[in-house]
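K.L.:
The following block contains a protein sequence and its predicted model.
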Amino acid sequence: MKYALVTGGSRGIGRAVCIQLAKDLEYHLLINYNSNKKAAQETLTMVEEVGGSGQILQFNVTDSKGVKNALDEWHEKNKNAIIEVLVNNAGIKKDGLFMWMPMEDWSSVINTSLNGFYNVTNALIQKLLTNRYGRIINIVSVSGLKGTPGQTNYSAAKSAVIGATKALAQEVAKRKITVNAVAPGFIETDMTEELDEAELKKMIPVNRFGKAEEVAHVVSFLASDKTSYITGEVININGGIYS
């Protein structure tokens, strides 16, 4: 059996990605969550409803020791199993003007997106290299490309992951491992429900927010074996707002 791990897989884009992977590819899904076990269970039920298989896996991506322990324990129970696909999706936002941004809001956002990328990817990369095949997909953001006022922390974190994506892609390409990023714009999720959609969609050429499923289709494509010649790329899914 082959495995795919989606961090922050309990809700939003992470949930949509789990469901799409279950529909399109033959992977047993590891649905990571931090605190919301109920939501993770719901995602697993949805995966099973579309004919997929999976399990939930609890760890906080910011806790390097916790990540390593959880993944080592999983590998102990699943000898010789390889997690071939990794979707680094876990992220948080704590928006506010930079001049009033407390250190904690800066650090927690950077920790989740950037150190989370390091903690999970680094824990798995050796096995991927030995396996000589893998797909790493990092969920970033339009904010990481163009910068968004009120999101200096989030923009910095996502921009850093874009740089890491491009560098790592070159390091591991010879071992048939691709590393790509997907940069959503405004997508209808828990993260965007407080935003003024009516006002914001005027800025978006297609005149609407995107759906999590539209992001998930691209992630699923990048997770497939059809994409062996695409690596180090950032694919924008933003309705034309910025490319």
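P.N.:
In hand now; what should we look at?
K.L.:
what comes into contact with the helix or strand where L29 lies?
P.N.:
In this assignment (DSSP states H and E), L29 forms part of strand 27-33. Strand 27-33 is contacted by residues 1-10, 14, 18, 21-22, 39-40, 43-44, 47, 52-59, 61, 74, 83-85, 90, 223 when judged by C-beta atoms under 8 Å, 6 or more residues apart in numbering. For every residue, glycine as well, the C-beta is placed using N, CA and C.
K.L.:
Among these, which ones are in helices?
P.N.:
Counting by DSSP state H, the contacts of strand 27-33 place G14, C18, L21, A22, A39, A40, T43, L44, V47, W74, A223 in helices.
K.L.:
Dump those to JSON lines, plus neighbour count, pLDDT and distance to L97.
P.N.:
As requested, the ones in helices among the contacts of strand 27-33 are exported to JSON lines (neighbours: other C-beta atoms under 10 Å; pLDDT from 0 to 100; distance: C-beta to C-beta, whole Å):
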{"residue": "G14", "neighbour count": "29", "pLDDT": "97", "distance to L97": "28"}
{"residue": "C18", "neighbour count": "31", "pLDDT": "98", "distance to L97": "35"}
{"residue": "L21", "neighbour count": "26", "pLDDT": "98", "distance to L97": "38"}
{"residue": "A22", "neighbour count": "25", "pLDDT": "98", "distance to L97": "41"}
{"residue": "A39", "neighbour count": "19", "pLDDT": "97", "distance to L97": "31"}
{"residue": "A40", "neighbour count": "26", "pLDDT": "97", "distance to L97": "34"}
{"residue": "T43", "neighbour count": "26", "pLDDT": "98", "distance to L97": "34"}
{"residue": "L44", "neighbour count": "23", "pLDDT": "98", "distance to L97": "39"}
{"residue": "V47", "neighbour count": "24", "pLDDT": "98", "distance to L97": "40"}
{"residue": "W74", "neighbour count": "17", "pLDDT": "97", "distance to L97": "41"}
{"residue": "A223", "neighbour count": "27", "pLDDT": "98", "distance to L97": "37"}
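K.L.:
taking those residues as a set, which two sit the farthest apart in space?
P.N.:
Put simply, by C-beta to C-beta the two of the ones in helices among the contacts of strand 27-33 set farthest apart are A39 and A223, 22.0 Å from each other.
K.L.:
what about I241, which SS state?
P.N.:
coil (DSSP: H, G, I helix; E, B strand; the rest coil).
K.L.:
For it, give me its contacts.
P.N.:
V142, G185, F186, M203, I204, P205.
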